[in-house]
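Enquirer: Show me the folded form of this:
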Amino acid sequence: MEYLHWNEKTITDFSENNITDLYNQGYVFTRIGRGIMHQTRSVRIDLSQFELSSENRRILRKINGDKNATLTHLESTPLPLADYSWYLGKLAKDFYESKFGPGIMSSKKIKEVLTDSNKSNFNSLLEYTQSEVFIGATIAYSNRDILHYSYPFYDLSAASKDMGLGMMIMAINHAKEDDMKYVYLGSLQRPTDTYKLQFAGLEWFDGAKWSNDLEEVKDILVKK
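Expert: Residues are numbered from 1 along each chain as shown. As a prediction, the model looks like this:
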């Protein structure tokens with residue numbers, strides 16, 4: 001799978017201020033290797049402008065099941081993991097293979113990202129549980145100001161069809177409650193990425209500046 005990017009940087013300064021500044025310039029961390037960032041059509045949410053919409057709330061109700069179900073719980077675990085389980089690698093590999101085809105994300109790469117800080121840029125695993133049962137996770141980068149929601153995965157055979165979007169909404173709300181400034185949701189590359197445009201406070205990087213003109217980017221994606 002080809003990923004849109006205009007520029008590439010390899011950083012050695014991993015301070016929060018430097019990373020936050022680069023994200024503000026449209027760069028995002030990649031899984032290619034330690035310090036490698038791509039400048040892309042990044043999309044982010046200004047959390048000072050974000051509020052849950054009625055549709056967001058409807059999705060959250062759906063992933064929580066019936067009114068007697070234990071609410072889905074989100075907890076952030078620091079990376080690298082000290083107790084990596086093969087189950088995580090298999091779940092992520094199966095998820096990406098089912099959604100995007102073979103070779104997108106191998107079990108080896110998942111293990112590397114989750115356990116080897118010398119090769120990975122990501123420092124947080126967002127873990128979702130329901131009735132204390134693990135249901136999914138998202139590999140992320142976070143600091144005091146930003147959250148990059150990057151690689152979600154869950155059991156496609158068991159989860160609600162709205163689980164992916166529900167996990168994203170929970171992470172956005174979690175970041176707002178933690179007084180972060182922005183949540184980054186990757187990039188806008190394909191027509192199917194328009195689902196990211198539904199959130200209040202959303203803006204996208206056009207190669208030079210951040211824009212909140214959603215009709216313009218919709219036109220760009222439709223022409224892909």
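
Enquirer: Now do the helices in this structure.
Expert: If DSSP state H is used as the criterion, the helices of the chain fall at 16-24, 54-63, 86-100, 107-115, 163-177, 214-222.

Enquirer: could these be laid out in CSV, adding mean pLDDT, distance to I36 and mean neighbour count?
Expert: C-beta: built from backbone N, CA, C; applies to glycine. Output for these, formatted as CSV (pLDDT from 0 to 100; distance: least, Cβ to Cβ, whole Å; neighbours: other Cβ atoms under 10 Å):
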stretch, mean pLDDT, distance to I36, mean neighbour count
helix 16-24, 98, 12, 15
helix 54-63, 91, 33, 15
helix 86-100, 93, 19, 17
helix 107-115, 94, 13, 18
helix 163-177, 95, 23, 21
helix 214-222, 94, 25, 14
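
Enquirer: I'd like to know which of those is closest to R41.
Expert: Counting by Cβ to Cβ, R41 lies closest to helix 214-222 out of those; the figure is 7.5 Å.

Enquirer: other SSEs contacting the closest one?
Expert: strand 202-205 (3 or more Cβ pairs under 8 Å, 6 or more residues apart in numbering; DSSP states H and E).

Enquirer: Give me the sheet partners of the strand it packs on and which way each runs.
Expert: strand 42-46 (antiparallel), strand 210-211 (antiparallel) (DSSP bridges).

Enquirer: What's the separation between the nearest residue to Y149 once chain neighbours are set aside and N118?
Expert: Using Cβ to Cβ, 6 or more residues apart in numbering and skipping the chain neighbours, the partner closest in space to Y149 is A171 (5.1 Å). For A171, the distance to N118 equals 26 Å [Cβ to Cβ, to the nearest Å].

Enquirer: Please look at K9 and Y27 and confirm they touch.
Expert: Yes: contact criterion Cβ atoms under 8 Å: K9 and Y27 qualify, at 6.3 Å.

Enquirer: between those two, which one's more packed in?
Expert: Y27 (23 against 12; other Cβ atoms under 10 Å).

Enquirer: Look up the closest residue to the more buried one, ignoring the ones flanking it.
Expert: Spatial nearest neighbour of Y27, chain neighbours left out: M37 (4.2 Å); criterion: Cβ to Cβ, 6+ apart.

Enquirer: rewinding a little: now the strands paired with strand 202-205 in CSV, please, with extra columns for distance to Y195.
Expert: Rendered in CSV, the data for the strands paired with strand 202-205 read as follows (distance: least, Cβ to Cβ, whole Å):
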stretch, distance to Y195
strand 42-46, 11
strand 210-211, 18
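
Enquirer: Please identify the deepest-packed of those.
Expert: strand 42-46 (a mean of 23; mean count of other Cβ atoms under 10 Å).

Enquirer: Quick one: mean pLDDT over that one.
Expert: Mean pLDDT, strand 42-46: 98.

Enquirer: And the contacts of it?
Expert: 23, 26-28, 172, 181-188, 193, 196-197, 199-205, 210 (Cβ atoms under 8 Å, 6 or more residues apart in numbering).

Enquirer: Check the contact between the residue nearest to Y27 and G26; I expect there is one.
Expert: No: taking contacts as Cβ under 8 Å, M37 lies outside contact range of G26: 9.7 Å.

Enquirer: Centroid-nearest residue for this protein?
Expert: By Cα atoms, centre = their mean, the mean C-alpha position of the chain lies nearest to Y149, the distance being 2.1 Å.
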